[in-house]
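In: Output the structure for:
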Amino acid sequence: MSRAEIKEYIEAFIVAVVLALFIITFIAQSFLVQGSSMEPSLHHSQRLMVDKISYRFVEPRLGEIVVFRYPTDPRRKFIKRIIGVPGDEILINQGFVYVNGQRLDEPYINGPTYGAFSRDYGPVTVPTDSFFVLGDNRRNSDDSRYPDVDFVNSQLLIGKAIVVYWPLSNAELIRIPGSLRTSD
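Out: The predicted structure is shown next:
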């Protein structure tokens with residue numbers, strides 16, 4: 001192998017590394033689901049692609065699954081579903097979630113929803129630049145019902161989950177459930 005060929009390989013490798021770092025930092029990133037807090041929608045050991053650029057241009061929406069930095073330890077990452085956006089009033093009563101007085105139809109969850117330390121929670125209003133998030137496995141999810149997570153500030157959002165790509169047998173686009181879609 002000539003010196004010119006070696007130099008060309010090194011340059012190609014450096015360009016590939018720089019391009020990969022750019023994509024991971026600003027555009028998209030792989031995420032490993034750890035635990036059961038998002039079952040039955042997502043399962044332990046699934047790999048997702050997380051879109052990191054959309055929220056620079058549009059606001060997160062009700063029903064989207066997001067990855068965010070855990071508020072009390074930003075090195076950790078959590079994955080949950082957005083249930084309340086800024087200004088929404090959230091109430092959990094008798095196992096059901098209400099947003100702005102309307103009971104959510106949540107066929108995608110695993111079990112009833114209760115408050116963190118009691119059967120009921122709220123009402124609370126989601127502050128500006130924050131979101132109320134819940135895991136789909138409501139019996140096993142550290143989420144906005146608990147003071148260590150609380151409302152998730154928009155600056156802690158990493159991005160939204162867009163596709164499950166591993167294992168291949170479970171590959172699918174991640175969509176907002178029909179019961180949570182809005183017309184805007």
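In: Tell me how far the strand ranked longest in the chain lies from the chain's centre.
Out: The longest strand of the chain (DSSP state E) is strand 157-166. Distance, stretch centre to chain centre, for strand 157-166: 7 Å (CA atoms, centre = their mean, to the nearest Å).
In: Could you list the paired strands of that strand along with their orientation?
Out: Partner strands and pairing direction for strand 157-166 (DSSP bridges) are strand 47-51 (antiparallel), strand 65-69 (antiparallel), strand 172-173 (antiparallel).
In: Residue 66 contacts residue 83, doesn't it?
Out: No. Using CB atoms under 8 Å, residue 66 and residue 83 do not qualify as a contacting pair, with a distance of 10.9 Å. No exception for glycine: its C-beta is placed from N, CA and C like everyone else's.
In: Next, the distance between the ends of stretch 49-63.
Out: Distance between the two ends of stretch 49-63: 17 Å, counting by CA to CA, to the nearest Å.
In: Go through that stretch and flag the buried ones.
Out: For stretch 49-63, the neighbour count (16 or more other CB atoms under 10 Å) marks 49-52, 55, 60-63 as buried.
In: What's opposite the residue nearest the centre of the chain in the beta bridge?
Out: When CA atoms, centre = their mean is applied to the chain, the residue found nearest the centroid is residue 66 (1.6 Å). Beta bridges link residue 66 to residue 80, residue 160, judged by DSSP bridges.
In: How far off centre is the least confident helix or strand in the chain by mean pLDDT?
Out: None of the helices or strands of the chain scores lower by mean pLDDT, DSSP states H and E than helix 3-26, at a mean of 74. Here helix 3-26 is found 31 Å from its chain centre; the criterion is CA atoms, centre = their mean.
In: Also stretch 58-71?
Out: That offset, for stretch 58-71, works out to 5 Å (CA atoms, centre = their mean).
In: same question, stretch 82-99
Out: On CA atoms, centre = their mean, the centre of stretch 82-99 falls 17 Å from that of its chain.
In: Show residues contacting that stretch.
Out: 59-66, 100-101, 103-104, 106, 112-115, 119-134, 144-145 (CB atoms under 8 Å, 6 or more residues apart in numbering).
In: And for the closest residue to residue 55 other than its chain neighbours, the neighbour number?
Out: Closest residue in space to residue 55, ignoring its immediate chain neighbours: residue 157 at 5.9 Å, by CB to CB, 6 or more residues apart in numbering. Residues near residue 157, counting by other CB atoms under 10 Å, number 18.
In: Next one: residue 157 relative to residue 41, how far apart?
Out: Distance, residue 157 to residue 41, using CB to CB, to the nearest Å: 18 Å.
In: same question, residue 91
Out: Distance, residue 91 to residue 41, using CB to CB: 23 Å.
In: which one of the two has more residues nearby?
Out: Set residue 91 next to residue 41 and count neighbours by other CB under 10 Å: residue 41 wins out with 20 against 17.
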